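J.: For reference, the sequence and a predicted model appear below.
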Number of protein chains: 2
Amino acid sequence: MNAGGVSIPKQTFHRLPGYYNYLKLLRSEGIETVSSTTIAKDLRLGEVQVRKDLACISKTGGRPRTGFSVAELIDSIEYQLGYNRMDEAVLVGAGNLGRALLSYSGFEEIGINIVAAFDRDESVVGQTLFGKQVLPISKLSDLCQRMHILIGIIAVPGSQAQQVCDLLVSAGIAAIWNFAPVHLTVPDDVLIKNENLAASLAILSQNLSEQLAKGNLL
Amino acid sequence: MNAGGVSIPKQTFHRLPGYYNYLKLLRSEGIETVSSTTIAKDLRLGEVQVRKDLACISKTGGRPRTGFSVAELIDSIEYQLGYNRMDEAVLVGAGNLGRALLSYSGFEEIGINIVAAFDRDESVVGQTLFGKQVLPISKLSDLCQRMHILIGIIAVPGSQAQQVCDLLVSAGIAAIWNFAPVHLTVPDDVLIKNENLAASLAILSQNLSEQLAKGNLL
DNA sequence: TAGATTGTTAATCGATTAACAATC
DNA sequence: TAGATTGTTAATCGATTAACAATC
């Protein structure tokens, strides 16, 4: 078990959301403890790997014969993923994807608040979508600096993405979540995460072909 | 360089979309060749890693002094990611996220066609959104089986996701792309990829905190 | 106690990095 | 030729897996 500040392996970190959703399912069914064996089976992971992952994040650890406390694991993961802390972000692009992100209630749950959306299209500017104001792009820089916002979400077409990206950077944004399927050039100290939906689906489809090919050989 | 059927390391595979967008940017600027050093610098990767990645995918390989052909690399990546092949998928859930996916032109480009959307809400059933029909859930099974569709996309609220998932599985779907932030239970032979938007953003925000903390120490 | 389960230590595996030889 | 660049071979690193001891 882990007292706190110790660093978690990157791969383990990326498995945490999977554990989290699974554990919430157990909790909703009234299950209070679970063994690493059971988790491993249901999540299709190795049981030693699960034990090692949980050892990284759980403060109390598990108990022989009973396993881990579902509630404690959920709390630990929420802590590790920063679901307690509140963070603010701005969204650029109030098209279909932007609206989907605005309507998505999951962000609030994990402590991230989209404070406003920005768009260059005058017909949407001024509207309130899902409780969030849509402001003109011209107000972006001022608002980000005034509110010390560090996270920007790009949901504009690829052709405008670099321009929007430059604007965000000049407004003091330190991390960018980019949905446009284009390469963005940013200064070294700006964090960038590309969410390439088309590529994700392509990879799933490739994995499927491989699995089907493998199945045919057996 | 790689003739074809040889297997590509998983990590390399996941970096391909990044190379792809970058190379397309170069091509749009009229650049015909590029060195691994340049790619590494712009993509913030190790230059040996880039060379090793490209060796995996490129048929022709690079040439000393000139580097790699941008066009050839783009072709090779398209081949590896299956952008040539055409695949069909169904979408369940025509809410905000579903609409964003329907409106997203990127899928066609990579050879994936969403043949129809399904929803249980009678007020959207029968509409045509972004050129795709919205059909009642009751027709899902029949259509999937008739058209031999293997990929299903879940864009419904978490509370309905498992039910939709079961329906997809019973309709013969072999791979599921799940946007609902819940754990889905599926038979062993069904591939599942969870696209947890909230978790992705949480991880970006955590990375940012770490970077800021590191910066303060220096 | 016996057995299920955790946690740790060592071995293996895959991916990254470093060093260097090959090529135009 | 000299130098930039690729490609390969060996070393390192991190993550996974296996074996086993510890605990309730």
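T.: Received, thanks. This one's a predicted model, so the numbers in the text were calculated from it and none came from an experiment.

J.: does the residue lying closest to A:Leu140 once chain neighbours are set aside count as helix, strand or coil?
T.: For A:Leu140, ignoring the flanking residues on the chain, the nearest one in space by C-beta to C-beta, 6 or more residues apart in numbering or on different chains is A:Phe118 at 4.9 Å. The way it works is simple: take the backbone N, C-alpha and C, and place the C-beta from them, glycine included. Following DSSP: H, G, I helix; E, B strand; the rest coil, the label given to A:Phe118 is strand.

J.: can you count the residues close to A:Phe118?
T.: A:Phe118 sits with 26 neighbouring residues when counted by other C-beta atoms under 10 Å in any protein chain shown.

J.: Roughly how far does it sit from B:Leu101?
T.: Noted for A:Phe118: a distance of 22 Å to B:Leu101, by C-beta to C-beta, to the nearest Å.

J.: go on, A:Leu97?
T.: As judged by C-beta to C-beta, A:Leu97 and B:Leu101 stand 9 Å apart.

J.: Quick one: distance of the helix or strand that contains A:Gly152 to the chain centre.
T.: Assigned by DSSP states H and E, A:Gly152 belongs to strand A:151-154. How far strand A:151-154 lies from its chain's middle: 12 Å, per C-alpha atoms, centre = their mean, to the nearest Å.

J.: The residue nearest to A:Leu140 reaches A:Gly98, doesn't it?
T.: No - judged on C-beta atoms under 8 Å, A:Phe118 makes no contact with A:Gly98 at a distance of 9.2 Å.

J.: Common neighbours of the two, please.
T.: A:91-92 (C-beta atoms under 8 Å, 6 or more residues apart in numbering or on different chains).

J.: can you give me the helices for chain A?
T.: Listed in chain order, the helices of chain A (DSSP state H) span A:10-28, A:36-43, A:47-57, A:70-80, A:96-103, A:106-109, A:140-147, A:158-170, A:197-217.

J.: Relative to A:Val134, tell me which of those wins on proximity.
T.: For the helices of chain A, the distance to A:Val134 is smallest for helix A:96-103, at 8.8 Å, taking C-beta to C-beta.

J.: what helices or strands is the closest one leaning on?
T.: Packing partners of helix A:96-103 (3 or more C-beta pairs under 8 Å, 6 or more residues apart in numbering or on different chains; DSSP states H and E): strand A:87-92, strand A:112-119, strand A:128-129, helix B:96-103.

J.: ok, 7 Å please
T.: Under the contact definition 3 or more C-beta pairs under 7 Å, 6 or more residues apart in numbering or on different chains; DSSP states H and E, helix A:96-103 sits against strand A:87-92, strand A:112-119, helix B:96-103.

J.: now the ones you listed as a markdown table including mean pLDDT and distance to A:Leu81?
T.: Putting those into a markdown table (pLDDT from 0 to 100; distance: least, C-beta to C-beta, whole Å) gives the following:
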| stretch | mean pLDDT | distance to A:Leu81 |
| --- | --- | --- |
| strand A:87-92 | 97 | 12 |
| strand A:112-119 | 98 | 11 |
| helix B:96-103 | 98 | 21 |
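
J.: Using a markdown table, please lay out those together with distance to DNA strand D.
T.: Output for the helices and strands packed on helix A:96-103, formatted as a markdown table (distance: least, C-beta to the nearest atom of the strand, whole Å):
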| stretch | distance to DNA strand D |
| --- | --- |
| strand A:87-92 | 24 |
| strand A:112-119 | 25 |
| helix B:96-103 | 29 |
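
J.: hmm, stretch A:153-171 touching chain B?
T.: No - counting by C-beta under 7 Å from any C-beta of the partner chain, chain B is not contacted by stretch A:153-171; separation bottoms out at 7.9 Å.

J.: Any chance you could list what contacts that stretch?
T.: By C-beta atoms under 7 Å, 6 or more residues apart in numbering or on different chains, the residues outside stretch A:153-171 that reach it are A:89, A:91-93, A:95, A:97-98, A:101, A:140-141, A:144-145, A:152, A:176-182, A:184-187, A:190.

J.: Please save the CA atoms from it in PDB.
T.: This file holds the C-alpha atoms of stretch A:153-171, laid out as PDB (Å, rounded to 0.1, in the frame of the first residue of the first chain):
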ATOM      1  CA  ILE A 153     -10.300  22.500 -25.400                       C
ATOM      2  CA  ILE A 154     -10.100  22.800 -29.200                       C
ATOM      3  CA  ALA A 155     -13.300  21.600 -30.900                       C
ATOM      4  CA  VAL A 156     -13.000  23.600 -34.200                       C
ATOM      5  CA  PRO A 157     -12.400  22.200 -37.700                       C
ATOM      6  CA  GLY A 158      -8.900  21.300 -38.500                       C
ATOM      7  CA  SER A 159      -8.400  24.300 -40.800                       C
ATOM      8  CA  GLN A 160      -8.800  26.700 -37.800                       C
ATOM      9  CA  ALA A 161      -7.200  24.600 -35.100                       C
ATOM     10  CA  GLN A 162      -3.600  26.000 -35.300                       C
ATOM     11  CA  GLN A 163      -4.900  29.600 -35.200                       C
ATOM     12  CA  VAL A 164      -7.100  28.800 -32.200                       C
ATOM     13  CA  CYS A 165      -4.200  27.000 -30.600                       C
ATOM     14  CA  ASP A 166      -1.900  30.100 -31.000                       C
ATOM     15  CA  LEU A 167      -4.600  32.300 -29.500                       C
ATOM     16  CA  LEU A 168      -5.000  30.000 -26.500                       C
ATOM     17  CA  VAL A 169      -1.200  29.900 -26.000                       C
ATOM     18  CA  SER A 170      -1.000  33.700 -26.100                       C
ATOM     19  CA  ALA A 171      -3.800  33.800 -23.600                       C
END
